[in-house]
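Peer 1: need a structure here:
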Amino acid sequence: QVQLVESGGGVVQAGGSLRLSCAASGRTFISSDYAMGWFRRAPGKEREFVAAITRDGDITNYADSVKGRCTISRDNAKNTVYLQMNNLKPEDTAVYYCAAGRNPLAPSGPGHYNYWGQGTQVTVSS
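Peer 2: So this is what the prediction gives:
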């Protein structure tokens, strides 16, 4: 079993920045076996893809809505993936979820991910 725990959410003014972290653990978890992704769900909306990164971190994938403002990265030695978010907008307000999947790519579809965290709230005030 794999556990994912997100942190770093909070309340920030528009134009501000946040760095989300996702710590992975599990008896048999090997970070380099898993692509990692970030998704979000805003109130009243469907879950949507934000960013993903391949197992060794060499390829990243971003939603158009965050491209140029967000950077996903990972440290396999620490079993942690990060999402640096800059120039935040009120429409970025959502619960952000980390996900892990045994996939050689950096997929945007939630069905490619096997494990999910509980989420961390990000609120951007105008």
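Peer 1: So the residue nearest to the spatial centre of the chain: helix, strand or coil?
Peer 2: Geometric centre of the chain, nearest residue: W38, 2.3 Å, by CA atoms, centre = their mean. Put simply, W38 is strand when judged by DSSP: H, G, I helix; E, B strand; the rest coil.
Peer 1: Leaving out chain neighbours, which residue sits closest to it?
Peer 2: V50 (4.3 Å; CB to CB, 6 or more residues apart in numbering). Glycine gets a C-beta too; all of them are placed from N, C-alpha and C.
Peer 1: Quick check: the one you found is in a strand.
Peer 2: Yes. Assessed by three-state DSSP, V50 belongs to a strand.
Peer 1: From here on, call the first residue 7.
Peer 2: Okay, residue one is now 7; in that scheme the one you just asked about reads as V56.
Peer 1: how near is it to P96?
Peer 2: 16 Å (CB to CB, to the nearest Å).
Peer 1: Neighbour count: the two, which is higher?
Peer 2: Between V56 and P96, counted using other CB atoms under 10 Å, the more crowded position is V56 (24 against 11).
Peer 1: Report the separation between the more buried one and N67.
Peer 2: Counting by CB to CB - V56 and N67 are separated by 10 Å.
Peer 1: overlap in contacts of these two?
Peer 2: Shared contacts of V56 and N67, defined by CB atoms under 8 Å, 6 or more residues apart in numbering, are not found at any residue.
Peer 1: Enumerate the strands of this structure by residue range, in sequence order.
Peer 2: Applying DSSP state E to the chain gives strands spanning 9-13, 16-19, 24-31, 41-47, 53-59, 66-68, 76-81, 86-91, 100-107, 121-122, 126-131.
Peer 1: What average pLDDT does the second one get?
Peer 2: To tie it back to what came earlier, the one meant is strand 16-19. In this model, strand 16-19 carries a mean pLDDT of 98.
Peer 1: neighbouring contacts of it?
Peer 2: Here strand 16-19 makes contact (CB under 8 Å, 6+ apart) with 24, 94, 127-132.
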